[in-house]
Structures are given as structure tokens and as C-alpha cells.
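> Take this sequence and fold it.
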Amino acid sequence: MSRATHEYLTDAELAAWHGCLEFTSAALRALDEALMRAHRISVKEFDVLITLYNAPGKRLRMAQLADEVLLSPAGVSHMVTRLEKAGLVRRSVDDADRRSLFATLTPDGDRRLRDSRPTHNQVVRAHLTERLSDAQLAALGRLWRTVLPR
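The predicted model follows:
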């Protein structure tokens, strides 16, 4: 009986992939801890708030919000329910399609986001941008535009 051999990444592929995973894990953990400690919101809640802030009219259909923040429809529904209870978002029915729901950033949500941005930015700078030269930062931005799907 022959055993199939495993397919391996090259050393360069593994270093790039593992580095991406390790950085993402460490940065998200640090963001989550800092945002929770200082502002009582998780990094995923921050993501929902900033996504709504940047949306036209500060609102999105729930399905689109789920896609943008990389949550399942059920996951974003639970998240919006928590944020709604905290007064940070409001859920409303789409008058044009009564089957669709919108999530909208509230003034309290806008304030919480504004107050938490310096903490978010401080962690991003400490874990990434302050560690790179201007040229490295620009190169990394170009790499992500190449790698990420459009």
C-alpha cells in the first residue's frame, strides 16, 4: 500500500503565508483587547460601526453589511441586535422591499466610533505602520492591491 505524499508550500510561500496569519492574529487580538478595555466594544463591533459610518447615508442592507464585515447573515444579525440594544445602530425595514432590513449608525454609534478611533489607530500604528519606512508602507499597500480580490 503506497502512501500519498503531502503537498508542501515552498519556504518563501510558507514564510509569506505564516507571517500574514501571525500578524493578523496578533494585531486583531491587540485591537480587540484595547477597544474592549477603553471603549467596551469588540474589534468586530468597531468594524460594523466604521463600515456603517462609511456607507452612503450611514446605512446598509443587512446582507451587504454581512458581506462587508465578513460575517454570516446570522452572525451580523446577532451583532446588530447587540449594537441596537446598546443604542449604537438602528434596524429598519426597507420601504422599497419590505423583506429587506437596513442597519443604520445612530448618533450614539457615531460618538462611540469617534471616541474609539484614536485607540484603534494607536494599535494599528504600534503593530504595523510605525514599524515600516514610508517606502515599505507604500510597497505594502501596493502588494495588498495586487493580492486582494477586487
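> Could you point out the longest strand of this protein?
Ordering each strand of the chain by length in residues (DSSP state E) puts strand 97-105 first.
> Tell me the strands beside it, with direction?
Paired neighbours of strand 97-105 in the sheet (DSSP bridges): strand 59-61 (antiparallel), strand 89-94 (antiparallel).
> Can you flag the weakest of those by average pLDDT?
Among the strands paired with strand 97-105, strand 89-94 carries the lowest mean pLDDT, a mean of 92.
> Can you tell me what sits against it?
Applying CB atoms under 8 Å, 6 or more residues apart in numbering, the external contacts of strand 89-94 come out as 48-49, 52, 59, 61-62, 80, 83-84, 100-106, 109. To be clear about C-beta, it is placed using only N, CA and C from the backbone, and glycine gets the same treatment.
> what secondary structure does the residue nearest to the spatial centre of the chain sit in?
Centroid-nearest residue in the chain: Asp47, 4.3 Å away (criterion: CA atoms, centre = their mean). For Asp47, the secondary-structure state derived from DSSP: H, G, I helix; E, B strand; the rest coil is helix.
> just checking, it touches Val69?
Yes - using CB atoms under 8 Å, Asp47 is in contact with Val69, at 4.9 Å.
> List the buried residues of the longest helix belonging to the chain.
Looking across the chain with DSSP state H, the single longest helix is helix 11-39. For helix 11-39, a neighbour-count test (16 or more other CB atoms under 10 Å) marks Ala27, Ala30, Leu31, Asp32, Ala34, Leu35, His39 as buried.
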